[in-house]
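Trainee: Pasting the sequence and the predicted coordinates here, then a few questions.
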Amino acid sequence: ETGVTQTPRHLVMGMTNKKSLKCEQHLGHNAMYWYKQSAKKPLELMFVYNFKEQTENNSVPSRFSPECPNSSHLFLHLHTLQPEDSALYLCASSQAPTGDQPQHFGDGTRLSIL
Amino acid sequence: EDQVTQSPEALRLQEGESSSLNCSYTVSGLRGLFWYRQDPGKGPEFLFTLYSAGEEKEKERLKATLTKKESFLHITAPKPEDSATYLCAVQATSNTGKLIFGQGTTLQVKP
């Protein structure tokens, strides 16, 4: 496989459920990102990881918990979500966060909170 | 505050009718400006990076230009397959990895 792969593509969960989103990149990049894309709003950066270390948390509520075990894998653990958390969650990777190389995106997980 | 504004929000063109999309930005120091294309149900696909005013890049029917305050994405003789949402993003020199996105322009090209 090539590029950035996200699973699952669609997820429906109740407000009390716990679930995880997975992202895997096959580009040999060192930085990985989580973004949230809501209807009619710009993409919002959530977290940045560089060489497995979190370098940015964009004031994200604690009900979102990221995990980066290595430079190729990124998870987003979800618990006690709210209806306003329904959105498309996108993962991206790049060579390094401090450089000017483009970020490459996966196709996202469409999350619906009941 | 760093900010990106894209216009128009939506654009409908006839096949072959050339036009331009605008991306205006305010940033403390520009590290790079990025254009992406996003199809329904897909993630953004990278198109171009522009680094300094006066720079231009081309790919098939698309040409991106950059000034100190804005970028244009020119579409020459568009085809229906160019229909998509086009996103503009900037990376400031003060931020580590943070891309600031505009809301996008949804382009529809009719045959």
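Mentor: Now that the structure is in, tell me what you want to look at.
Trainee: From now on I want contacts and neighbour counts done on CA atoms only, so please keep to that.
Mentor: OK.
Trainee: Return the residues of chain B in contact with chain A.
Mentor: Residues of chain B lying close to chain A (C-alpha under 8 Å from any C-alpha of the partner chain) are B:31-32, B:34, B:41-46, B:49, B:91, B:95-104.
Trainee: Please enumerate the strands of the chain.
Mentor: Picked chain A for this. Counting by DSSP state E, the segments of chain A that form strands are A:4-7, A:10-13, A:18-25, A:31-37, A:44-50, A:53-57, A:64-70, A:73-79, A:87-94, A:104-105, A:109-113.
Trainee: Please refer instead to chain B.
Mentor: For chain B, the strands defined by DSSP E cover B:3-7, B:10-14, B:19-26, B:30-38, B:45-50, B:56-59, B:62-66, B:70-75, B:84-92, B:99-101, B:105-110.
Trainee: can you pull the pLDDT of A:Thr58?
Mentor: Careful, residue A:58 is Asn; it's not Thr. pLDDT for A:Asn58: 86.
Trainee: next one: A:Leu27
Mentor: Reading off the model, A:Leu27 has pLDDT 95.
Trainee: which residues touch the worst-scoring helix or strand of chain A on mean pLDDT?
Mentor: Ranked by mean pLDDT, DSSP states H and E, the weakest helix or strand in chain A is strand A:53-57, scoring a mean of 87. For strand A:53-57, the surrounding residues in contact (C-alpha atoms under 8 Å, 6 or more residues apart in numbering or on different chains) are A:46-49, A:68.
Trainee: Dump those to TSV, plus distance to B:His74 and neighbour count.
Mentor: Shown next, in TSV, are the contacts of strand A:53-57 (distance: C-alpha to C-alpha, whole Å; neighbours: other C-alpha atoms under 10 Å in any protein chain shown):
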residue	distance to B:His74	neighbour count
A:Met46	31	21
A:Phe47	32	23
A:Val48	32	25
A:Tyr49	34	25
A:Cys68	39	20
